[in-house]
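In: Return atomic coordinates for the entry below.
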Amino acid sequence: MSATIYDIPVKKISGEDATLGEYKGKVLLVVNVASKCGLTPQYEGLEKLYQQYKDRGLVITGFPANDFKGQEPGTNDEIAGFCSLNYGVDFPLFSKITVVGAGKHPLYAALIKAQPHAVSINTPGWREKLAGYGVPTLEEPELLWNFEKFLVSKSGEVVKRFAPDTTPDSPELLAAIEAELKK
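Out: Just a heads-up that it's a prediction; the model follows:
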């Protein structure tokens, strides 16, 4: 049997060893998050989404990363406090990791390998918006920015990847979540 994303070691934001295996049988939305990003208010929408769907089997997992313009400079304790105080985050947060480049965490290497292209539902897309601000970006399959979203089925298959500017309440994301929850 080959390894799955459930087998990859991660750490909870509190420092305890973990794996996503504790969420087998649930639909996961895996998001790389940051506290000082223009998209940081998505925490509010992610928490709302979690509260709306957690009883139906959705788990949102947040992985802080400081890979884009230093927008997550805090320690794990500072990040946890920020998320709780400012957005009432109750969904699982994990220790800060690297999500791009040679040092990317094995979880993100597996997610990207499974879904090398992000669905962009907005026009202009986030890549074009960043270019308009003079912000250089990495080419796919690397992540574009903070708040990319990977949707994982109940069986651990990475089924979709959404661009960072896909909001937690976007009809496309909600439809994809609903479809996975019904399976």
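In: how distant is stretch 5-16 from the center of its chain?
Out: Computed by Cα atoms, centre = their mean, to the nearest Å, the chain-centroid distance of stretch 5-16 equals 14 Å.
In: contacts for that stretch?
Out: 17-21, 23-24, 63-64, 76, 79-80, 92-95, 97, 105-107, 110-111, 114, 152, 156, 158 (Cβ atoms under 8 Å, 6 or more residues apart in numbering). The way it works is simple: take the backbone N, C-alpha and C, and place the C-beta from them, glycine included.
In: ok, now stretch 162-172?
Out: 39, 42, 45-46, 48-49, 118-122, 125-127, 129, 144-151, 173, 176.
In: Select only the buried ones of the contacts of stretch 5-16 in ChimeraX?
Out: This is how ChimeraX selects the buried members of the contacts of stretch 5-16, with burial counted by 16 or more other Cβ atoms under 10 Å:
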select :18,19,20,23,63,64,76,79,80,92,93,94,95,97,105,107,110,111,114,152,156,158
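In: The contacts of stretch 5-16 in helices, which ones?
Out: Mapping the contacts of stretch 5-16 onto helices (DSSP state H) picks out N76, I79, A80, P106, L107, A110, L111, A114.
In: Wasn't D55 part of a helix?
Out: Yes - judged by DSSP: H, G, I helix; E, B strand; the rest coil, D55 forms part of a helix.
In: At which residues are the strands of the chain located?
Out: Applying DSSP state E to the chain gives strands spanning 10-11, 17-18, 27-33, 58-64, 149-152, 158-162.
In: G134 is nearest to which of these?
Out: strand 27-33 (22.2 Å; Cβ to Cβ).
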